[in-house]
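Q: sequence first, then the predicted structure, then my questions.
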Amino acid sequence: MPELPEVETTIVGLKPIVGSLIHNIKIHTPKLRFLIPKNILLLKNYIKIQSIDRRGKYIVISLSNDHSMVIHLGMSGRLILTTVAKFIKKKHDHFILCTNKEHLLVFNDPRRFGFLDYDKSSNILSRNYFLKMGIDALDKTLTGILLFEKIKTSEVPIKQLLLNQHIIAGIGNIYASEILFDAKISPLEKGRDLNIKDCNKIIVSIKKILRKAIISGGSSLRDYVSADGTLGNFQNNFKVYNKEGKKISGSIIRKIVQYGRASYYCPKLQKKK
DNA sequence: CGGGCCACCTGGCGGC
DNA sequence: TGCCGCCAGGTGGCCC
């Protein structure tokens, strides 16, 4: 479930272990998308978890030894916060971190498209995935003009541009459809055909939809993170995603495939210019 | 360089 | 019931 709102929700759920000390780490699967750096196993000396933050869809855990862990959830990754007493190892539990307060942070990922990185914080900051990352979707300085400048010459459809993390970071395939529906803009519209007014609308919709999703997702969390593998409550709020053939305001929702990925939209309410 | 497309994985679902 | 093909919330790397 990992688009920006799910990552944000995950981070909120991890708050209980901020300030805790790392007691032990176990790697059950050495290679996810990439190899897990083996020196992460040296984290047994009661290093403190100083903060847990989000950058785009990445989770950054800063530690007191001037190192950081970075976690990306890929398509199917989840972080589950539980306790030693309650824990039963499940299939696809690849990585487990135990704190001095007997909290367990478990990384579960059936498809293994996620990854886990660990290095000196100064090195982490200059990783390619951070250097190339665009402005965060919820960054206050993200404006319509900024988006316009980035896409004004592109022949690529706006749906695909919204998925490009080098332009704006955090939007995934579900929310891209939801955002364009909210903005009343066709997913087929090319970047170069959108004016500043269109871009302003898109930015307003990005912030509105993502914030709403965070609020809905957050409410379903308790003692573990990312709830039950669904999108918190927000899935009930989808207007177009996965709703092919259904009607909205009397108009049919269509599914098309762009660059191998499903887009849902209402051709009547999202007319191409 | 921008852009198009595939690869990387497992699991769930619908159709036959 | 079983098998098969298709689909899935992401993105790095290859090609042109």
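A: Looks like it arrived, so ask away.

Q: give me the pLDDT value at the residue of the stretch 51-200 of chain A found nearest DNA strand B.
A: Residue nearest to DNA strand B within the stretch 51-200 of chain A (Cβ to the nearest atom of the strand): residue A:111, separated by 3.3 Å. (C-beta placed from N, C-alpha, C; glycine too.) Here the pLDDT value assigned to residue A:111 is 95.

Q: the nearest residue to it once chain neighbours are set aside: neighbouring residues, count only.
A: With Cβ to Cβ, 6 or more residues apart in numbering as the criterion, residue A:111 has its nearest non-adjacent residue at 4.3 Å, and that residue is residue A:76. Using other Cβ atoms under 10 Å, residue A:76 has 16 neighbouring residues.

Q: got it, and residue A:133?
A: Residue A:133: 19 neighbours (other Cβ under 10 Å).

Q: can you check residue A:83 too?
A: 14.

Q: before we move on, the earlier item: so who does the residue nearest to residue A:111 touch?
A: Shown in contact with residue A:76 (Cβ atoms under 8 Å, 6 or more residues apart in numbering): A:109-111, A:113-114.

Q: repeat for residue A:44
A: By Cβ under 8 Å, 6+ apart, the neighbours of residue A:44 are A:22-25.

Q: surely the residue of the stretch 51-200 of chain A closest to DNA strand B and residue A:75 touch.
A: Yes. Counting by Cβ atoms under 8 Å, residue A:75 is a contact partner of residue A:111 at 5.4 Å.

Q: the residue nearest to residue A:111 and residue A:8, how far apart?
A: Going from residue A:76 to residue A:8 by Cβ to Cβ, to the nearest Å gives 18 Å.

Q: what's the answer for residue A:143, then?
A: 21 Å.

Q: and for the residue nearest to residue A:101 when sequence neighbours are not counted, the neighbour number?
A: Closest residue in space to residue A:101, ignoring its immediate chain neighbours: residue A:20 at 5.4 Å, by Cβ to Cβ, 6+ apart. By the criterion of other Cβ under 10 Å, residue A:20 has 18 neighbours.

Q: and residue A:20, how close does it get to DNA strand B?
A: 31 Å (Cβ to the nearest atom of the strand, to the nearest Å).

Q: how about the contacts made by that residue?
A: With Cβ under 8 Å, 6+ apart, residue A:20 has these contacts: A:48-49, A:99-101, A:103.

Q: turn those residues into JSON lines, including pLDDT, neighbour count and secondary structure.
A: Shown next, in JSON lines, are those (pLDDT from 0 to 100; neighbours: other Cβ atoms under 10 Å; DSSP: H, G, I helix; E, B strand; the rest coil):
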{"residue": "A:48", "pLDDT": "97", "neighbour count": "15", "secondary structure": "strand"}
{"residue": "A:49", "pLDDT": "97", "neighbour count": "21", "secondary structure": "strand"}
{"residue": "A:99", "pLDDT": "96", "neighbour count": "22", "secondary structure": "strand"}
{"residue": "A:100", "pLDDT": "95", "neighbour count": "13", "secondary structure": "coil"}
{"residue": "A:101", "pLDDT": "95", "neighbour count": "13", "secondary structure": "coil"}
{"residue": "A:103", "pLDDT": "94", "neighbour count": "19", "secondary structure": "strand"}
